[in-house]
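S.K.: the sequence isn't on hand, but the structure is:
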């Protein structure tokens, strides 16, 4: 029977107990395996609040808050995979809102700088041909 051979081969090797030693004389030990509980997934709620307050482009910050709250609810219920899914969605929305906000700030600073340079240029136009 090949199945019985596989089971015999998978067992760890044991030594035969000598006849003069009984099981009651041997020391007993107990092994306790302690596993760390999985770290709860992040919900990014604070980041979503700041995104909503400071860079809520196309309501991405509001959507990030919604997904962060859903992630927190899933975490409280013990559904860590659902909490991780909602949390990663909130993280992506926050990143997209942050990138768009940075691009808008750079464009505004560039336009203001060009406008100030243009205003200074029109106040003092270059004088060609006069010595």
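M.R.: Now that the structure is in, tell me what you want to look at. None of these values were measured; they are calculated from a predicted model.

S.K.: can we go C-alpha only for contacts and neighbour counts from here?
M.R.: Will do.

S.K.: and the longest helix seen in the chain, what does it pack onto?
M.R.: Taking DSSP state H as the criterion, the chain has its longest helix at helix 80-123. When contacts are defined as 3 or more Cα pairs under 8 Å, 6 or more residues apart in numbering; DSSP states H and E, helix 80-123 sits against helix 45-54, helix 60-77.

S.K.: and the longest one with helix 80-123, angle?
M.R.: To tie it back to what came earlier, the one meant is helix 60-77. Between the axis of helix 60-77 and that of helix 80-123 there is an angle of 160 degrees, by axes from the mean of the first three to the mean of the last three Cα atoms, to 10 degrees.

S.K.: model confidence over helix 60-77, on average?
M.R.: When the per-residue pLDDT values of helix 60-77 are averaged, the result is 94.

S.K.: now stretch 98-111
M.R.: Here stretch 98-111 scores 94 as its mean pLDDT.

S.K.: nearest to residue 128, of the helices and strands packed on helix 80-123?
M.R.: Set against residue 128 and scored by Cα to Cα, the helices and strands packed on helix 80-123 come closest in helix 45-54, at 47.4 Å.
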